[in-house]
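Enquirer: this one's structure only:
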């Protein structure tokens, strides 16, 4: 009799325990959690509970186990759980032009090689194949949100959604005829159609992307900004990337690119300025006062010898500063871990001060900094309840990561994109233990290699 009562008590206790825990869609547990929250908490032996698209709790593994049961689980033993990386500047399909023209300055690279190649090659199919390849590379290296400027942007949006990535995607507007628009007016019309097609999408934020001051006239730049304001969407633009651009602005407008854009009334919240290499203190003050975000692209800027952006000036002024890879044609990859490391080391070299842009600041730029630059800081960029569940799990088991005394130092100075084990966007597991689930990697690579044959033929 007593044995029967004991069994009943055990069953009753188990039922009570089950009722006390909440069923959620996913629990990522048993890892070191780098939250990037307001307190910059690092939780050893931590866990994250996800329900649907949202993070519902982040705490110690023990506390999460007591409160939640996951329909699915990921074991992060010996690994880091961190926010997904935010790549604030890409041209995704240009992965198909990777290595096509190296070791050149920007204007020569663009005008003699890239623009002519794109004129022969860019089509909806080229864009689809390139975007799938870029998406595969980004998922495998821990990018969960990317910002894009290209042609046939609706095709990029469709492929990004299919792969499960979050994107802030801008339809390019440029002065000369391109594959999807013969005139700037056509480009603006395409941009508005694209915005209407994807506005309100849970993963895709549509944007308008006027290329730069040296490829557009003032009326078109103003029209692009008016379009972004009309629909309350971002505007993406290259700004102050090279000395040549500075010289062009001085000759044509007797001022800097930033001051010229400000005189047109196009700067303001919702504008993301890519590069900003040659911004003066006065320019930085304008960008800060207008609430403009800046995308720092250290590897591309170095490879094209465009210069080193005044990162310490941006940080000192409190400008919302994110990191980008730029397109893989000028980088030549989309690995944001490399971008973090390069950003930190370049700033140290530039200032001759090893204390500037320490590891924590570089990590901030790749996560919350990017989110702030995009105006998405309430949605992504950190691991906090009620934010979207954009997370990655990063292995710390490689020889170059051993021993580990400081996980943030290791993320910036020792880790590579292929150390990422799991990638989650909007609560969906896109990669589990290095296997991408939303793309057929073999098919993506096969299609890209077939397209490369056409690229070679076109540029002979």
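Expert: Good, I have the coordinates. Bear in mind the structure is a predicted one, so any value in this text is a computation, not a measurement.

Enquirer: now stretch 221-236, how far from the centre of its chain.
Expert: Offset of stretch 221-236 from its chain centre (C-alpha atoms, centre = their mean, to the nearest Å): 21 Å.

Enquirer: Go through that stretch and flag the buried ones.
Expert: Buried residues in stretch 221-236, counted by 16 or more other C-beta atoms under 10 Å: 221-225, 227-228, 231, 233-236. All C-beta spots, glycine's among them, are computed from the backbone N, C-alpha and C.

Enquirer: go on, stretch 57-74?
Expert: Across stretch 57-74, burial judged by 16+ other C-beta under 10 Å covers 57-59, 61, 64-65, 67-68, 70, 74.

Enquirer: same question, stretch 410-428
Expert: Judged by neighbour count (16+ other C-beta under 10 Å), stretch 410-428 contains these buried residues: 410-417, 419-428.

Enquirer: as a whole number, average confidence for it?
Expert: Here stretch 410-428 scores 98 as its mean pLDDT.

Enquirer: Pull the most distant pair out of the buried residues of stretch 57-74.
Expert: Largest separation among the buried residues of stretch 57-74 by C-beta to C-beta: 67 and 74, giving 17.2 Å.

Enquirer: Ramachandran coordinates for residue 127?
Expert: phi -70, psi -40 (degrees, to the nearest 10).

Enquirer: domain ranges for this protein?
Expert: The chain breaks down by automatic domain parsing into domains covering 23-83+384-436, 85-373.

Enquirer: Of all those, which one is nearest residue 460?
Expert: Smallest distance to residue 460 across these (C-beta to C-beta): 10.5 Å, for domain 85-373.

Enquirer: low-scoring stretches of this structure, by residue?
Expert: Scanning the chain for pLDDT under 70 picks out 1-19.

Enquirer: Show me which strand runs longest in it.
Expert: strand 22-34 (DSSP state E).

Enquirer: for that strand, packing partners?
Expert: Secondary-structure packing of strand 22-34 (3 or more C-beta pairs under 8 Å, 6 or more residues apart in numbering; DSSP states H and E): strand 42-51, helix 61-67, strand 68-75, strand 79-83, strand 391-395, helix 407-413, strand 420-425.

Enquirer: Out of these, which gets nearest to residue 126?
Expert: strand 420-425 (24.9 Å).

Enquirer: Next SSE downstream of that closest one?
Expert: Following strand 420-425 in sequence order, the next helix or strand is strand 428-432 (DSSP states H and E).

Enquirer: List the buried residues in whichever strand or helix holds residue 160.
Expert: If you go by DSSP H and E, residue 160 is part of helix 153-163. By neighbour count with 16+ other C-beta under 10 Å, helix 153-163 contains the buried residues 153-161, 163.

Enquirer: and what of stretch 364-383?
Expert: 364-377, 380-383.

Enquirer: start to end distance for it?
Expert: 13 Å (C-alpha to C-alpha, to the nearest Å).

Enquirer: Pull the distance from that stretch to the chain's centre.
Expert: Taking mean C-alpha positions (C-alpha atoms, centre = their mean), stretch 364-383 and its chain are 10 Å apart.

Enquirer: Same check on stretch 306-313?
Expert: Centroid displacement of stretch 306-313 relative to its chain, using C-alpha atoms, centre = their mean, is 20 Å.

Enquirer: Contacts for that stretch, please.
Expert: Outside stretch 306-313, the residues within contact range by C-beta atoms under 8 Å, 6 or more residues apart in numbering are 105-106, 241-243, 275-279, 281, 284, 294, 296, 298, 300-302, 321, 343, 346-347, 349-351, 356-357.

Enquirer: sorry, back to before: now distance to residue 452 too, for the domains of the chain, in TSV please.
Expert: Shown next, in TSV, are the domains of the chain (distance: least, C-beta to C-beta, whole Å):
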stretch	distance to residue 452
domain 23-83+384-436	20
domain 85-373	7
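
Enquirer: Which of the contacts of stretch 306-313 fall in helices?
Expert: Using DSSP state H to define helices, the subset of the contacts of stretch 306-313 located there is 106, 243, 281, 284, 298, 300-302, 343, 346-347, 349-351.

Enquirer: For these, pick the one with the most neighbours.
Expert: With neighbours taken as other C-beta atoms under 10 Å, the top of the ones in helices among the contacts of stretch 306-313 is residue 298, carrying 29 neighbours.

Enquirer: I'd assumed residue 338 was in contact with it.
Expert: No - using C-beta atoms under 8 Å as the test, residue 298 is too far from residue 338 to be in contact (9.2 Å).

Enquirer: Next, show the common contact partners of the two.
Expert: Shared contacts of residue 298 and residue 338 (C-beta under 8 Å, 6+ apart): none.

Enquirer: Any idea which residue is closest to the centre of the protein?
Expert: residue 87 (1.9 Å; C-alpha atoms, centre = their mean).

Enquirer: tell me the SS of that residue?
Expert: Under DSSP: H, G, I helix; E, B strand; the rest coil, the three-state class of residue 87 is strand.

Enquirer: surely it meets residue 325?
Expert: Yes - if you go by C-beta under 8 Å, residue 87 and residue 325 touch, sitting 5.7 Å apart.

Enquirer: Now list whatever residues contact both of those two.
Expert: Listed as contacting both residue 87 and residue 325 by C-beta under 8 Å, 6+ apart are 334, 336, 339.

Enquirer: Share the number of residues neighbouring the last one, please.
Expert: Close neighbours of residue 339, defined as other C-beta under 10 Å, add up to 31.

Enquirer: Am I right that it falls within a helix?
Expert: Yes - Residue 339 forms part of a helix when assessed by three-state DSSP.

Enquirer: and the nearest residue to it once chain neighbours are set aside, what is it in contact with?
Expert: In space, and not counting its chain neighbours, residue 339 is closest to residue 323: 4.9 Å by C-beta to C-beta, 6 or more residues apart in numbering. If you count contacts by C-beta under 8 Å, 6+ apart, residue 323 has them with 86-88, 295-298, 336, 339-340, 343, 362, 365-366, 369-370.

Enquirer: With residue 280 instead?
Expert: Here residue 280 is in contact with residue 256 (C-beta under 8 Å, 6+ apart).

Enquirer: Let's see that with 10 Å instead.
Expert: Going by C-beta atoms under 10 Å, 6 or more residues apart in numbering, residue 280 touches 240, 246, 256, 258-259, 286, 310, 313.

Enquirer: dump the residue contacts of residue 176.
Expert: Residue 176 is in contact with 115, 119, 182-184, 211, 215-216, counting by C-beta under 10 Å, 6+ apart.

Enquirer: change it to 8 Å
Expert: residue 215.

Enquirer: same check, this time on residue 65
Expert: So residue 65 contacts 29, 47 (C-beta under 8 Å, 6+ apart).
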